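Q: Dropping a prediction and its sequence here:
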Amino acid sequence: MQNPFKYGELTTDQNFCNRKQEIKRLQSAFRDGQSIVIISPRRWGKSSLVNQSVDTFKGKLTTIQIDCFGISSSREFYAVFLKATLQQTSSKLQQVVDTVAKSLKSIVPYIKYGVSENDEIQISLDLPHKKYEVEEILELPQRIAADRKTRLVVCIDEFQKIAEWSDGKMVLEKLRSYWQNHDKVSYCLYGSKRHLMSTLFAHASQPFYRFGEILFLDKIAEKEWTTFLIKEFDRTGKIISTETAQRLANLVDSHSYFVQYLARICWNNSEKKVTDQILDLSFLELLNDHLPVFQNQTRNLTKYQVNYLKAISAGETQLTSQRVINAFDLGSPGNSKRNQILFEDLEILDYALGNPRFCDPYFRPLFDRVFKLSSG
Ligand SMILES: Nc1ncnc2c1ncn2[C@@H]1O[C@H](COP(=O)(O)OP(=O)(O)O)[C@@H](O)[C@H]1O
Ligand SMILES: [Mg+2]
């Protein structure tokens, strides 16, 4: 039997837990040409959710998917955007040829295309160094959708990256100015830096203010995980009790990536039944696996920063109050404020629900272990 639990790749179908409400919302947005923004911390399941929602339309809907994660300039973005649009909307080379001939003028000589041995369309392109028409690139999805009398969904992952480019604000203004007229295309924009994403879409001064529906993705509830875990272990010839499944989800705060991670270790470590003892050992394995990452995250922290984390680990929530500042030696309220911004930016702490919480479930146990925090 194969271990059914996986992480680091997108989950679909069998390995996909719940999210029924969210899938419905995405589907109806895609169907209606409504744009939608998805915000959640990293690895809670945005990409998996989008993939799963798109998958259910199988063949009836064309999608273009782009990840901004490694893109560092607008030039690179436009090239990736154009290439993805040509490639992902065409099943035959002739379609690419037609689209290029019909809709692109300033970029034509810079595109090469062909088919590989296994019949895949291959496209390579260099954007001209001087002038090329961004309009041609950004209008393309709408033109293709109109030509083929279909609807398109353009999915852009790690969208907040765009704001970081030197010409970020200008690019955003440009994107908005074209995209808002595209009635045949849904733009599905998602990203994991919650405060940045919220700013981009919820502040009146921003080009993407009120661009689309906003979906703040929650964690999958413990109850859903429990059912999912029991079913998946059972399907692959193993047993986990309801209580142990609940404990598993709780140990990793119901964090999607880490539920899969821990369940995967438990599956490997158990012959037949996942006992509490196996669960505890597996969690230790998870912690040890993440020790190097943790060390990287904490290597250069100052004394005040370490103290700040100690206060949070001890359950404090009023980090700028004089009492907490004195008790934990946090410097000044100004220090506390700056540390909040720093830890949020480093994705170590999350303040979205008001009180600070550690983003990753390995962080607090390792922090307490390494920084020898007296508990209580
Ligand atoms: N609905 C789900 N059911 C089961 N596992 C999930 C689900 N969503 C996410 N995961 C797990 O979490 C991991 C990270 O999910 P991903 O979609 O890449 O998150 P994000 O795009 O928010 O960073 C996946 O590889 C998978 O292991
Ligand atoms: Mg993702």
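A: Great, that's in hand. Numbers count the residues shown, from 1 in each chain. Ligands and ions are numbered 1, 2, ... in the order given.
Q: residue contacts, residue 206?
A: Remark: with contacts taken as CB atoms under 8 Å, 6 or more residues apart in numbering, residue 206 is in contact with 172, 199-200. For glycine as for every other residue, the C-beta is placed from the backbone atoms N, C-alpha and C.
Q: rerun at 7 Å
A: Going by CB atoms under 7 Å, 6 or more residues apart in numbering, residue 206 touches 199-200.
Q: host element of it?
A: If you go by DSSP states H and E, residue 206 is not part of any helix or strand.
Q: burial count for the closest residue to residue 263 other than its chain neighbours?
A: By the measure of CB to CB, 6 or more residues apart in numbering, the closest residue to residue 263 outside its immediate chain neighbours is residue 5, 4.2 Å from it. By the other CB atoms under 10 Å criterion, the neighbourhood of residue 5 contains 21 residues.
Q: So residue 5 belongs to a strand, correct?
A: No. The assignment for residue 5 is coil, going by DSSP: H, G, I helix; E, B strand; the rest coil, so no strand is present there.
Q: Who does the residue nearest to residue 213 when sequence neighbours are not counted form a beta bridge with?
A: Of all residues not flanking residue 213 in the chain, residue 36 sits nearest, at 4.7 Å (CB to CB, 6+ apart). Here residue 36 sits in beta bridges with residue 188, residue 213, going by DSSP bridges.
Q: and the gap between the residue nearest to residue 263 and residue 268?
A: 9 Å (CB to CB, to the nearest Å).
Q: How about residue 261?
A: Distance of residue 261 to residue 268, computed by CB to CB: 11 Å.
Q: who has more neighbours, the two?
A: residue 261 (24 against 12).
Q: I'd say that one and residue 7 touch.
A: Yes. The pair residue 261 and residue 7 passes the contact test of CB atoms under 7 Å, sitting 5.0 Å apart.
Q: what does the stretch 151-300 of the chain put close to ligand 1?
A: Applying the criterion CB under 6 Å from any ligand atom, the portion of the stretch 151-300 of the chain that neighbours ligand 1 consists of 192, 256-257, 260.
Q: mind running it again at 5 Å?
A: If contacts are counted using CB under 5 Å from any ligand atom, the residues of the stretch 151-300 of the chain sitting beside ligand 1 are 256-257, 260.
Q: May I see those residues organised as a markdown table, with distance to residue 292 added?
A: Converted to a markdown table, those look like this (distance: CB to CB, whole Å):
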| residue | distance to residue 292 |
| --- | --- |
| 256 | 22 |
| 257 | 17 |
| 260 | 20 |
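Q: Same list, these, but as TSV with neighbour count and secondary structure please.
A: Converted to TSV, these look like this (neighbours: other CB atoms under 10 Å; DSSP: H, G, I helix; E, B strand; the rest coil):
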residue	neighbour count	secondary structure
256	23	helix
257	18	helix
260	24	helix
